[in-house]
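Enquirer: Here is my input; please provide its structure:
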Amino acid sequence: MSAASGGASREWRERRGQPPRRSSVLLGALVAVLALLAGCSDQNSAPDRLMDGSKAGSPPVELEGVERSVLTKVEVVAPSERAGTLSSSCLEQDWGIKPVGDSVERIGVATESVTFREVEDRGVFGCSRSVGPQDSQRRWCGIAYGRLYQGRLRDPRLDILCGTAEEPVGFAWVTPAHVTRYVSVEQPGYVEVYEVAGDLPVRVATVSGVEYERSSARFEILEHDDEGRLVHRYTLEPAVAG
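Expert: I've put the predicted structure just below:
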């Protein structure tokens, strides 16, 4: 990784365990989303809107063992099509490294993310955002870089800087099994579903299970194939890299 990326890593370490202050600009949006989530839990139904305001859908197949689910949005963006996209915004960061191939943009109930592959397949990197606290001068509240070893990540690269102790959120990359079509995370009252796309690790989020004191998080993960059969169920408990 370059000197610029190393500087960013030092900044993350210094801020680890200290969630950012709430942005007053986004406070109203956060309250609205939390109210929506609470209301959905009371009514035993899943949220009906994603972070960008679009209507939430369901997976095209029935997922084994899942009752209430929300299908997140995913977009595979070619380098020639990045102008004005989330991908373009993410690349405005001073990465000091170059992307190669398509990027993958994801929009969930309360989060957004972008994932790129580094040139020569050395690693993956990207940006994340939630409706919670962040610097009002920046679109993204979290950035992450993960080294690839024979095409796979050894560290999910947990990021917990987009939340607070009161409204936690954690991001991590999941490398799915070859037969997996859908990676899901259990959220309070529903399951958030991410479709595998772009031959890249899947950046997922959790709004529960974040432990700031330990700089760690707990993700309850399910993987299903393209017909909805359960492939794998496991708990991912990454810690923020030192």
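Enquirer: In the protein, where is pLDDT below threshold?
Expert: Residue ranges of the chain with pLDDT under 70: 1-44, 132-137, 242.
Enquirer: Neighbours of Arg82, how many?
Expert: 19 (other Cβ atoms under 10 Å). All C-beta atoms are positioned from the backbone trio N, CA, C, and that covers glycine.
Enquirer: Ok, Ser54 next?
Expert: Ser54 - counted by other Cβ under 10 Å - has 10 other residues nearby.
Enquirer: so what's it up against?
Expert: Lys73, Ile107 (Cβ atoms under 8 Å, 6 or more residues apart in numbering).
Enquirer: Next: the one 5 residues further on.
Expert: Counting by Cβ under 8 Å, 6+ apart, Pro59 makes contact with Ser69, Leu71, Tyr182, Val193, Gly228.
Enquirer: For Glu105, see how far away the nearest residue to the third one once chain neighbours are set aside is.
Expert: This means Tyr182. In this structure, Tyr182 finds its nearest non-sequential neighbour in His224, 4.5 Å apart by Cβ to Cβ, 6 or more residues apart in numbering. Look at His224 and Glu105: by Cβ to Cβ, to the nearest Å, they are 22 Å apart.
Enquirer: The spatially closest residue to Ser69 that is not a sequence neighbour bridge partners, please.
Expert: Among residues not flanking Ser69 along the chain, Val191 sits closest, at 4.6 Å (Cβ to Cβ, 6+ apart). Taking DSSP bridges as the rule, Val191 bridges to Ser69, Glu186.
Enquirer: Kindly provide the distance from Glu120 to Val193.
Expert: Noted for Glu120: a distance of 32 Å to Val193, by Cβ to Cβ.
Enquirer: One more: Glu237?
Expert: 21 Å.
Enquirer: With neighbour numbers in mind, choose between these two.
Expert: Shown here are Glu237 and Val193; by other Cβ under 10 Å, Val193 has more neighbours (24 against 15).
Enquirer: Quickly note the distance from the residue lying closest to Val240 once chain neighbours are set aside to Thr115.
Expert: Excluding its sequence neighbours, the residue lying closest to Val240 (Cβ to Cβ, 6+ apart) is Ser215, at 4.1 Å. Counting by Cβ to Cβ, the gap from Ser215 to Thr115 is 22 Å.
Enquirer: how about the contacts of Pro59 in TSV, adding secondary structure and distance to Lys55?
Expert: Below are the contacts of Pro59 laid out as TSV (DSSP: H, G, I helix; E, B strand; the rest coil; distance: Cβ to Cβ, whole Å):
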residue	secondary structure	distance to Lys55
Ser69	strand	14
Leu71	strand	11
Tyr182	strand	19
Val193	strand	15
Gly228	coil	22
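Enquirer: ok, of those, which come out buried?
Expert: Using 16 or more other Cβ atoms under 10 Å as the burial test, the contacts of Pro59 include Ser69, Leu71, Tyr182, Val193, Gly228 as buried.
Enquirer: my guess is the first one meets Tyr190, correct?
Expert: Yes - Ser69 is in contact with Tyr190 according to Cβ atoms under 8 Å; the separation is 6.3 Å.
Enquirer: shared neighbours, the two?
Expert: With Cβ under 8 Å, 6+ apart, Ser69 and Tyr190 have common neighbours Ala46.
Enquirer: Ser215 and Thr115: who's more crowded?
Expert: Between Ser215 and Thr115, Thr115 has the larger neighbour count (other Cβ under 10 Å), namely 26 against 18.
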